[in-house]
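> Quick one, fold the following:
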Amino acid sequence: MTDCLFCRITSGALPAHKVAETNNLVAFLDLHPIRPGHTLVVPREHHVWFEDMPAPLAAEVMDLSQQIARAQKKLYGVERVAMFFTGIHVPHVHAHVVPMHHVHDVSSAAYLADGPDGYSVPTSPTAEELAATAQTLGAEV
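As a prediction, this is how the structure comes out:
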């Protein structure tokens with residue numbers, strides 16, 4: 001799809017701070033991370049909903065997400081890494097892999113500074129910070 005943001009990223013038409021890629025997937029840093037290293041695992045093939053992915057592709061997403069989680073645990077010294085699908089802002093299936101430094105890191109508190117009916121975008125690291133994080137994390141995947 002030419003108008004899908006993630007299709008454009010996975011095809012190389014738009015830049016991303018890539019952590020890993022396979023024939024079927026691209027993993028790159030979220031531009032508005034909950035924590036440093038917050039990575040999106042995105043199939044190259046366009047599917048809007050995670051439940052519509054073929055099971056073998058979903059298994060590949062899980063496998064790469066687990067590899068990234070192990071690298072995040074090692075690099076960030078966290079005990080737990082969250083992996084979840086939301087599908088709220090970009091209509092292309094993607095998994096979030098987030099190193100959890102605090103029990104509420106993946107609760108909606110990071111996004112609800114404007115209250116339960118609002119949405120606040122977390123600040124974005126600089127391009128240099130994102131590049132350094134992608135290189136460090138990618139070397140471990």
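> give me phi/psi at R80?
phi -130, psi 140 (degrees, to the nearest 10).
> Could you do P99 as well?
Phi and psi for P99, reported as degrees, to the nearest 10, are phi -70, psi 130.
> what about it, how many neighbours?
Counted by other CB atoms under 10 Å, the residues lying close to P99 total 26. For the C-beta atoms, the positions are set from N, CA and C on the backbone; glycine is no exception.
> contacting residues for it?
Shown in contact with P99 (CB atoms under 8 Å, 6 or more residues apart in numbering): 35-38, 69, 72-73, 75-76, 78, 81, 105.
> Please flag which of the residues you listed sit within strands.
Using DSSP state E, the subset of those located in strands is V81.
> what about A59, neighbour count?
Using other CB under 10 Å, A59 is surrounded by 11 other residues.
> and stretch 123-141, which residues are buried?
Within stretch 123-141, the residues that count as buried by 16 or more other CB atoms under 10 Å are 125, 130, 133-134, 137-138, 140-141.
> Distance from the chain centre to it, please.
Computed by CA atoms, centre = their mean, to the nearest Å, the chain-centroid distance of stretch 123-141 equals 12 Å.
> again, but for stretch 78-90
Stretch 78-90 has its C-alpha centroid displaced from the chain centroid by 7 Å (CA atoms, centre = their mean).
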